[in-house]
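[1] model the following, please.
(one chain, ligands or ions: 2)
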Amino acid sequence: MIRIGVFGANGRMGLALLEAATIKEQTQLTGAYVRSGSSLIGVNVNQINSAADKSVCFSDENTLESVDVLIDFTLPDGMRSHLKRAVEQSLPLVIGTTGLTADDMALLENAAKHIPIVFARNYSVGVNVLLNLVQTAATKFGDDLDIEIFEAHHRHKIDAPSGTALAIGESIADAKGWNHEEVAVYDRSQIETEKSQNEIGYSVLRGGDIVGEHTAYFATMGERLELTHKASSRMTFALGAIRAASWLQNKPVGLYDMQDVLDLK
Ligand SMILES: NC(=O)C1=CN([C@@H]2O[C@H](COP(=O)(O)OP(=O)(O)OC[C@H]3O[C@@H](n4cnc5c(N)ncnc54)[C@H](OP(=O)(O)O)[C@@H]3O)[C@@H](O)[C@H]2O)C=CC1
Ligand SMILES: O=C(O)C1=N[C@H](C(=O)O)C[C@H](O)C1
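    Ligands and ions are numbered 1, 2, ... in the order given. Sure, this is the predicted structure:
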């Protein structure tokens, strides 16, 4: 039985993770961590999510006990402090937080010299298959191809484009031999020239309760291919992260992703 501790346990993903860790047979929820001073400390998790383990209460994120693998789906600030805690405690860490900078990625790479880490911007099977499919599409149409990525999420999401949209774009750039940051176009409002075929354009929608939708468009003269993934429940990501945690438990130190977990490389 793998004992799971969840940071940001009161967040949208945190609550889904408490449930996922409880319902999976090979895992046991033992830590539901919230910020120091939170009014939730001492409250039974089952009162907030009735599907979560009745025997666990929310606790202070600075008092980690009886846990084998930690999970972080928070915000970049939270991820940085949780990463430090995981290294101090020599505990494997599964990270789903998006909106990370290049400096954050360098922190992750450094931490992965000391502990095993899975970092993925999307824990669904479908998106991880999509990351391979877009590489085929990007390379089979030839050079006369316009590539655009659209993503839609709920009104509360604060980072844009989504981590998944960027992962899709980076996967395409890798296949084309491009430097992603040189070809990414995030805003066309100030550009007054025709687009080139050596770019990846991003567009974003935020509204309502959309869980997460991504489409990669491959448009050429006479035809257009659209590859779309739609997540309809946060449990998809939560169950993926629990799968990653089980996979990670006895792995050597290093930085892994969900394609490693799913054997998609
Ligand atoms: N990789 C994937 O598959 C997925 C990734 N995500 C990503 O997960 C992250 C969380 O999303 P979501 O659950 O919707 O967000 P929420 O805003 O619902 O939850 C954020 C959680 O992080 C906590 N938190 C924020 N800042 C800190 C901090 N500095 N220290 C400690 N805790 C902190 C919050 O605590 P408090 O309430 O006290 O502020 C809260 O519990 C986002 O980056 C999102 O993009 C989401 C879905 C899937
Ligand atoms: O914030 C979310 O909700 C999601 N974030 C991830 C991202 O930024 O790609 C994954 C998923 O699409 C949901």
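[2] where's the residue of the stretch 151-265 of the chain found nearest ligand 1, which helix or strand?
    Nearest residue of the stretch 151-265 of the chain to ligand 1 (C-beta to the nearest ligand atom) works out as residue 237 at 3.8 Å. From N, CA and C alone the C-beta is placed, and that goes for glycine too. If you go by DSSP states H and E, residue 237 is part of helix 234-248.
[3] next one: residue 225
    Judged by DSSP H and E, residue 225 forms part of strand 223-231.
[4] got the angle between that strand and helix 234-248?
    Here strand 223-231 points in a direction 80 degrees away from that of helix 234-248 (axes from the mean of the first three to the mean of the last three C-alpha atoms, to 10 degrees).
[5] 48 is where my numbering starts, stick with that
    All set: I'll call the first residue 48, so the last point we hit is now strand 270-278.
[6] other SSEs contacting strand 270-278?
    Packing partners of strand 270-278 (3 or more C-beta pairs under 8 Å, 6 or more residues apart in numbering; DSSP states H and E): helix 172-187, strand 259-267.
[7] which of those sits most buried?
    Ranked by mean neighbour count under mean count of other C-beta atoms under 10 Å, the helices and strands packed on strand 270-278 are led by strand 259-267, which reaches a mean of 20.
[8] what angle sits between the helix holding residue 284 and helix 172-187?
    With the same axes, to 10 degrees as the basis, helix 281-295 and helix 172-187 are set at 90 degrees to each other.
[9] for helix 281-295, the averaged confidence score.
    For helix 281-295, the mean per-residue pLDDT is 98.
[10] for ligand 2, find the nearest of the helices and strands packed on strand 270-278.
    When these are compared by C-beta to the nearest ligand atom, strand 259-267 sits nearest ligand 2, at 2.9 Å.
[11] what does the closest one contact?
    169, 174, 177, 181, 184-185, 188-189, 191-200, 209, 211-212, 215, 219, 271-278, 284 (C-beta atoms under 8 Å, 6 or more residues apart in numbering).
[12] got the angle for that strand vs strand 270-278?
    With the same axes, to 10 degrees defining the directions, strand 259-267 sits at 170 degrees from strand 270-278.
[13] roughly how far apart are the residue located most distally from the centre of the chain and residue 133?
    Most distant residue from the mean C-alpha position of the chain: residue 269, 35.2 Å away (C-alpha atoms, centre = their mean). Counting by C-beta to C-beta, to the nearest Å, the separation of residue 269 from residue 133 is 51 Å.
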